[in-house]
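**Q** Fold the stuff below for me.
(chains A and B)
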Amino acid sequence: MKPETAEKLKKHFLYPSTIWVSAEPYEITTILGSCVAVCLFDHKLSIGGINHYMLPLWNGSGLASPKYGNIAIEKLYEKLIIYGCKNDNITAKIFGGAEIIEKKTMNYNIGAQNIEIALEILQTMRIPILSSSLGGNLGRKIIFNTATGEVRQFYVSRS
Amino acid sequence: MDILKKQKKKAKKAVKTPDCISCDEISQLKDALKNVNKKLIEAEQIKSNFISNISNELLNPFTSIIALARSILEVKKENWKKVISMVSLIHSEAFNLDFQFKNIIAAAKVEAGETYPEISDVEIIGLVTDVVDGFKYEAKKKDLHIKYYFTGEINSDSYYFRTDAEKIRLIISNLLSNAIKFSYNNGSIIIETCVKNKLLIITVQDFGTGISEQNQKIIFDRFQRSDSGISSAVRGHGLGLSINKAFIDMLHGTISVKTAARKGATFTVTLPYSEDISEGITLDGNELLFK
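**A** Numbers count the residues shown, from 1 in each chain, chains lettered A, B, ... in the order given. Below you'll find the predicted structure:
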């Protein structure tokens, strides 16, 4: 993509627990720690969508929001299908799941669980994962181009 | 023929002692399936309760509004007192309907992942006063007195705090609506709004029925009401507190409740001053491209 075209792209900042799908080209930015973002892209229609979830599974309490991986991935997929995308044409990229909080204070690693649920669900949906940047102990800033499926990633740290 | 017999024997053996899954695993899977089944039945029950609640919540006010409006059309010119009392009922029904719709739309948006923090400098005194004013006729129906005051760093006529105005408006509305619903007649409700160390603390206290220990665990769950069923004297859909929880999570705040049966409930919401999300973040290393 030429730089001048990239500049014209509409921009959106994706907050945690939200989903974005658009037929119009957008540049979506989000910042991930232990959260995970799944980017789905239909290469035939050039339509992409992204989610940003914080916890792996909805346990039935509270609203069934995309704060939870199982809900967020399913809803993102459903939205792409509504836009006319076909399962066979959808591919995925996954980011995040870092272990930001020290292990000593946590009983379990949320980042790792967030990654696991994405891999599990995408495998069940038979959606191939083209690339990923997962785990580690650094946060990530990712910029997803919904029209090309490309993702630019920077590692980030809290100052 | 012998080959066929051998194959049958082999097949029988395979069924009796499958080498891919042990009896322990089968029993574990059975238990897991039973649990899932139990949860599905519970979910279905909650859903059907919600549907019957919501049908009443939406249909009853419309029926009342239409009937009252028709009665007003038939009132004789000199009978203004009757008109005023009917108009106040129409207002009450329409107010409740509007409130229910706002909650249903808010819940649907949260569940669709389409709710974003909309941060601006919010004038806190005006916002709280406005919400309380909106509920004054509802409070009047039960002769409730709503006292509200501001403490901490809020010491002038106007005070600005960086947060999401519409979400706070619905959060306070839901707490106040519950406080009114569960208060005894002729009681009072106290709302304290305090700003301290970049934290906005809103406390809504009522002196009503309170919440049992068992119900305290489920009040933030969707479609759950501390007293469910169509015959319940208290109206509601069981969405308010689950919406509050989702909004408060989104604004990185907390919500807690202190309550005792027949003594009332005090809900405390604490919200931090909203900073720009990218503040304090530094990029570390080069850009990586994932094609």
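
**Q** Name the residue of chain B that lies nearest to chain A.
**A** The minimum distance from chain B to chain A, using C-beta to the nearest C-beta, falls at residue B:113 (3.4 Å). Yep, even glycine has a C-beta here, placed from its N, CA and C like the rest.

**Q** and that residue, which of the three is it?
**A** coil (DSSP: H, G, I helix; E, B strand; the rest coil).

**Q** Pretty sure it sits against residue A:75.
**A** Yes - in this structure, residue B:113 is within contact of residue A:75 by C-beta atoms under 8 Å, at 6.0 Å.

**Q** any shared contact partners between these two?
**A** A:19, A:51, A:66 (C-beta atoms under 8 Å, 6 or more residues apart in numbering or on different chains).

**Q** Restricted to strands, list those residues.
**A** A:19, A:51 (DSSP state E).

**Q** just for chain A, where's the confidence low?
**A** A:1-7, A:101-107, A:158-159 (pLDDT under 70).

**Q** So which bits of it are right by chain B?
**A** Residues of chain A lying near chain B by C-beta under 8 Å from any C-beta of the partner chain: A:13, A:15-19, A:31, A:51, A:60-67, A:71-72, A:75-76, A:93, A:130-133, A:138-139, A:141, A:149-159.

**Q** Buried among the residues you listed? Make that a PyMOL selection.
**A** The buried residues among the residues of chain A next to chain B can be selected in PyMOL (16 or more other C-beta atoms under 10 Å in any protein chain shown) with this line:
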select buried, chain A and resi 15+16+17+18+19+31+51+62+63+64+65+66+67+71+72+75+76+93+130+131+132+133+138+139+141+149+150+151+152+153+154+155+156
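
**Q** Sitting in strands, which of the residues of chain A next to chain B do you find?
**A** Members of these lying in strands (criterion: DSSP E): A:13, A:18-19, A:31, A:51, A:93, A:130-133, A:139, A:141, A:151-158.

**Q** In chain B, where's the longest helix?
**A** Counting residues, the longest helix in chain B under DSSP state H turns out to be helix B:23-74.

**Q** Check which helices and strands that helix sits against.
**A** The contact analysis (3 or more C-beta pairs under 8 Å, 6 or more residues apart in numbering or on different chains; DSSP states H and E) places helix B:23-74 against helix B:80-111.

**Q** got the buried residues for the helix it packs on?
**A** Buried, per 16+ other C-beta under 10 Å, within helix B:80-111: B:86, B:89-90, B:92-93, B:96-97, B:99-100, B:102-104, B:106-107, B:109-111.

**Q** My guess is residue A:151 contacts residue A:95. True?
**A** Yes - Residue A:151 lies in contact with residue A:95 (C-beta under 8 Å); the separation is 7.0 Å.

**Q** which residues are common contacts for these two?
**A** The contact lists of residue A:151 and residue A:95 share A:39, A:142, where a contact means C-beta under 8 Å, 6+ apart.

**Q** Give the burial count for residue 122, as a bare number.
**A** Just going to use chain A. Other residues lying near residue A:122 total 20 when counted by other C-beta atoms under 10 Å in any protein chain shown.

**Q** I was thinking of chain B, sorry if that wasn't clear
**A** Count around residue B:122 with other C-beta under 10 Å applied: 20.

**Q** rewinding a little: and the residue of chain B closest to chain A, what is it in contact with?
**A** Per C-beta under 8 Å, 6+ apart, neighbours of residue B:113: A:17-19, A:51, A:65-66, A:72, A:75-76.

**Q** go with 6 Å
**A** A:18-19, A:66 (C-beta atoms under 6 Å, 6 or more residues apart in numbering or on different chains).

**Q** Switch these over to CSV; also include distance to residue B:164.
**A** Formatted as CSV, the contacts of residue B:113 follow (distance: C-beta to C-beta, whole Å):
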residue, distance to residue B:164
A:18, 14
A:19, 19
A:66, 18
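
**Q** which non-adjacent residue is nearest the spatially most central residue of chain B?
**A** Nearest residue to the geometric centre of chain B (C-alpha atoms, centre = their mean): residue B:240, 2.2 Å. Of all residues not flanking residue B:240 in the chain, residue B:174 sits nearest, at 3.7 Å (C-beta to C-beta, 6 or more residues apart in numbering or on different chains).

**Q** how many neighbours does the one you found have?
**A** 24.

**Q** if I look at it, how far off is residue B:103?
**A** 7 Å (C-beta to C-beta, to the nearest Å).

**Q** any shared contact partners between those two?
**A** Taking C-beta under 6 Å, 6+ apart as the contact rule, the neighbours common to residue B:174 and residue B:103 are residue B:240.

**Q** wait, residue B:86 sits on residue B:74?
**A** No - contact criterion C-beta atoms under 6 Å: residue B:86 and residue B:74 do not qualify, at 10.5 Å.

**Q** Could you tell me which ranges of the stretch 51-200 of chain B sit under the pLDDT cut-off?
**A** B:51, B:53.

**Q** Tell me the residues of it that contact chain A?
**A** For the stretch 51-200 of chain B, the contact set with chain A under C-beta under 6 Å from any C-beta of the partner chain comprises B:110-111, B:113, B:116.
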